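model this:
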Amino acid sequence: MFGAIPLYSAAVLTAVALYTDARLREIPNWLIGGLALLWILAVSLRLDVSNASAWATLLCASGLLAVGYLFHRLGWLGGGDGKLMGVLALWIGPWELGWWLLGTAFLGLGMVLLAMARPNGDFRDRGLPFAWAIVPPAAVLLVARANSLIGV
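Here you go, the predicted model:
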């Protein structure tokens, strides 16, 4: 039951990421750090937040952070987006990672298609707030896992 509190808290912090990415076009480091510290606290209290061992989750998150860094270096993602993906992988864990990335890909594709459909709307100058593709599938998984822990 107590494991639901960090999951709900992480979902709230991801909502803040949506706001800051849309408003400021950046995801602050304090938010990434807060999500990471909250995960460390939850794991140290032995709360089951990702349905996997901490080592497997860390390995998964490290790999996704490396991919996010590569995408940032290639100019495909902002730096905050790559860090957000890495820290959210801590919460998602390896078992639901594929579903989360599939949801992110579909939302990202929809965002790009909508941006391309706008008249004279070249989104490449300012970019897209990609947290809007990253966060919703993650938040759904976090809230669903929290609800299952409390029996909702």
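
ok, Leu90 - contacts?
Each residue near Leu90 by C-beta atoms under 8 Å, 6 or more residues apart in numbering is listed here: 35-36, 39, 50, 57-58, 61. (Glycine included, C-beta is placed from N, CA and C.)

just Leu7 next, same as before
Contacts of Leu7 (C-beta under 8 Å, 6+ apart): 49, 91, 142-143, 145-146, 149.

returning to that earlier point: now the buried members of the contacts of Leu90.
Buried members of these, scored by 16 or more other C-beta atoms under 10 Å, are 35-36, 39, 50, 57, 61.

for these, point out the one with the lowest pLDDT.
The lowest pLDDT within those belongs to Ser50, with 69.

re earlier: can you put the buried ones among the contacts of Leu90 in JSON lines and add distance to Gly68?
Below are the buried ones among the contacts of Leu90 laid out as JSON lines (distance: C-beta to C-beta, whole Å):
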{"residue": "Leu35", "distance to Gly68": "14"}
{"residue": "Ala36", "distance to Gly68": "14"}
{"residue": "Trp39", "distance to Gly68": "17"}
{"residue": "Ser50", "distance to Gly68": "18"}
{"residue": "Thr57", "distance to Gly68": "16"}
{"residue": "Ala61", "distance to Gly68": "10"}
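
element containing the closest residue to Ala61 other than its chain neighbours, please.
Sequence neighbours aside, Ala89 is the residue nearest to Ala61 in space, at 3.9 Å (criterion: C-beta to C-beta, 6 or more residues apart in numbering). Assigned by DSSP states H and E, Ala89 belongs to helix 79-117.

name the helices or strands packed onto the helix or strand just after that helix?
Toward the C-terminus, helix 79-117 is succeeded by helix 131-150 as the next helix or strand (DSSP H and E). In terms of contacts (3 or more C-beta pairs under 8 Å, 6 or more residues apart in numbering; DSSP states H and E), helix 131-150 is packed against helix 4-24, helix 79-117.

what's the angle between helix 131-150 and helix 79-117?
120 degrees (axes from the mean of the first three to the mean of the last three C-alpha atoms, to 10 degrees).

what's the spacing between Asn147 and Leu7?
Separation of Asn147 from Leu7 (C-beta to C-beta, to the nearest Å): 9 Å.

take the contacts of Leu90 and keep only those in helices.
In this view, the contacts of Leu90 that belong to helices under DSSP state H are 35-36, 39, 57-58, 61.

this completes my enquiry, with thanks.
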